[in-house]
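no sequence for this one, just the structure:
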């Protein structure tokens, strides 16, 4: 697969010095896609066709619902359900016909799989995943080509546990031999050190609630809960 380089957003993300640069990029692109899906694309036939094929997952449906354009979302949901009803009815009719004799396990599975797919697949997730793959490609490219980026990478806090696998997979695709070994020998100790740091910070966060520690400084632990949740789940937590 050919990936497009997107160096400026990647540099921006690493300059944030957050727990995971890909969380920063995902969060920013999620906001962009909300504006896209609730903007002029609402009336775009090609976008409607794409949405009809998969719809949106619960998480992104909630974000779109809160996105400030309920009419636009309603229009997309109207065409989506128009598309979905005959597909559902077809499978439901097959199942009902099979019950006149012995209910067909295959007919049950077809309807069950269809219902499951209608709530688990998501065009929003798919586009976000493709965008993050481009960013991962750029990270590996910059690691190979740009010594300044390599130093920024070494000074980073690694990645969250949600995004680490796609970085590792991209590294395995685009690096080999000593290049891959050098990358892993930089990333994995950095990742381990980051987890140990968070363990200490979250411990002090919990101890700060004790009366004897209330006047002691937070040090770096005041937002440790948000950051450790981000590290473990891949989402940015805000108050």
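Sure thing, it's come through. Just so it is clear, the model here is predicted, and its values are computed rather than measured. Numbering: from 1, shown residues only.

for residue 160, phi and psi?
phi -70, psi 170 (degrees, to the nearest 10).

I'd say it and residue 21 touch.
No: judged on CB atoms under 8 Å, residue 160 makes no contact with residue 21 at a distance of 9.6 Å. No exception for glycine: its C-beta is placed from N, CA and C like everyone else's.

looking at those two, which one has more neighbours?
Neighbours were counted for residue 160 and for residue 21 using other CB atoms under 10 Å; residue 21 has more, 28 against 25.

these two touch, right, the more buried one and residue 159?
Yes: using CB under 8 Å, residue 21 makes contact with residue 159 at a distance of 7.3 Å.

how about the lowest-mean-pLDDT helix or strand in the chain: buried residues?
Among the helical and strand segments of the chain, the one scoring lowest on mean pLDDT, DSSP states H and E is helix 105-120, with a mean of 78. Neighbour-count burial for helix 105-120 flags 107, 110-111 (criterion: 16 or more other CB atoms under 10 Å).

same check on stretch 194-213?
Neighbour-count burial for stretch 194-213 flags 194, 197-198, 201-202, 204-205, 208 (criterion: 16+ other CB under 10 Å).

quick one: contacts of the least confident helix or strand of the chain?
The contact list for helix 105-120 (CB atoms under 8 Å, 6 or more residues apart in numbering) reads 55, 57-58, 84, 87-88, 91-92, 94-95, 97-98.

between the buried residues of stretch 194-213, which is nearest residue 235?
When the buried residues of stretch 194-213 are compared for distance to residue 235 (CB to CB), residue 198 comes out closest, at 15.3 Å.

and that closest one, helix, strand or coil?
Secondary structure state of residue 198, per DSSP: H, G, I helix; E, B strand; the rest coil, is helix.

ok, now which ones touch it?
19, 224, 227-228, 231.

just these: which are in strands?
If you go by DSSP state E, the contacts of residue 198 have nothing in strands.

hmm, residue 38 and residue 68 touching each other?
Yes: Residue 68 lies in contact with residue 38 (CB under 8 Å); the separation is 7.1 Å.

in terms of neighbours, single out the busier of these two.
Using other CB under 10 Å, the more surrounded residue of residue 68 and residue 38 is residue 38, with 20 against 11.

the spatially most central residue of the chain: which element?
In the chain, the C-alpha nearest the mean C-alpha coordinate belongs to residue 26, at 5.9 Å (CA atoms, centre = their mean). Using DSSP states H and E, residue 26 sits within helix 21-38.

go through that helix and flag the buried ones.
21-27, 29-30, 33-34, 36-38.

averaged pLDDT, it. What do you get?
The average pLDDT for helix 21-38 rounds to 94.

residue contacts, the residue nearest to the centre of the chain?
Residues near residue 26 by CB under 8 Å, 6+ apart: 128, 132, 163, 234.
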